[in-house]
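Peer 1: Turn this into a model:
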Amino acid sequence: MIPFLLAATPLPVGSTVPAIEPMSVQQSLPPGFGEQIQVETFDPVARAAVLATQMPRVWSGTYQSFNGQAPLTVQVSLSSAISLGQMVDMRGTMTVGGTTVPIQGNLNAKSDQLDLLLLGGIGAAGLEDGGEFRGLQGLTLTGWRSSRLTHPGGLLVLTAANADSTSRSATPVRGLW
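Peer 2: Modelled structure (predicted):
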């Protein structure tokens, strides 16, 4: 026999295989298929647009360094807040203990995560160039992340300057960082 014809010869079958009934359509679908599910109706782009127009422009509070220095008074003045998709781009100035520096920040309208950069250093407070404030509660509670590993960081707690007395007395939820 020619070798290429060897593959064309039928092989004997040892036994017959019983026929298996096909599964029903319902059995072949994954669990939960066809059930009603919750759809997220939150629109972060619309919330960013609202935040950009209605966000308070003046914030005040304190900055407490983790190295044991006395708390310093802080005032944040936002000169602009522009919505860019689900982000709010913020620019303005921050005054810490009498020293004013420009700031730039991004606020995520979906998660309330804030990244706030100082565009100049405030050496007396330990806030140096390259560090940033990061928070998960918008501008109300943020932590200082220094550019150097030897700096322990700090905590910035702000309230809107035009907030009523009931919201000022509420204690913010403290983060674990």
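Peer 1: If we ignore the residues flanking it in sequence, what's nearest Q86?
Peer 2: Beyond its immediate neighbours in the sequence, the residue positioned closest to Q86 (C-beta to C-beta, 6 or more residues apart in numbering) is P44, lying 3.7 Å away. The way it works is simple: take the backbone N, C-alpha and C, and place the C-beta from them, glycine included.
Peer 1: Check L118 too.
Peer 2: When the adjacent residues along the chain are set aside, L118 lies closest to V101, with 5.3 Å between them (C-beta to C-beta, 6+ apart).
Peer 1: you'd agree the one you found is in a helix?
Peer 2: No: when the secondary structure is assigned by DSSP: H, G, I helix; E, B strand; the rest coil, V101 falls in strand instead of a helix.
Peer 1: Just want the most central residue of this protein.
Peer 2: Of all residues in the chain, the one closest to the mean position by C-alpha atoms, centre = their mean is Q113, 3.6 Å from it.
Peer 1: Quick one: neighbours of the closest residue to that one other than its chain neighbours, just the number.
Peer 2: With C-beta to C-beta, 6+ apart as the criterion, Q113 has its nearest non-adjacent residue at 5.7 Å, and that residue is L136. With neighbours defined by other C-beta atoms under 10 Å, the count for L136 comes to 16.
Peer 1: And L136, its phi and psi?
Peer 2: According to degrees, to the nearest 10, the main-chain angles of L136 amount to phi -110, psi 10.
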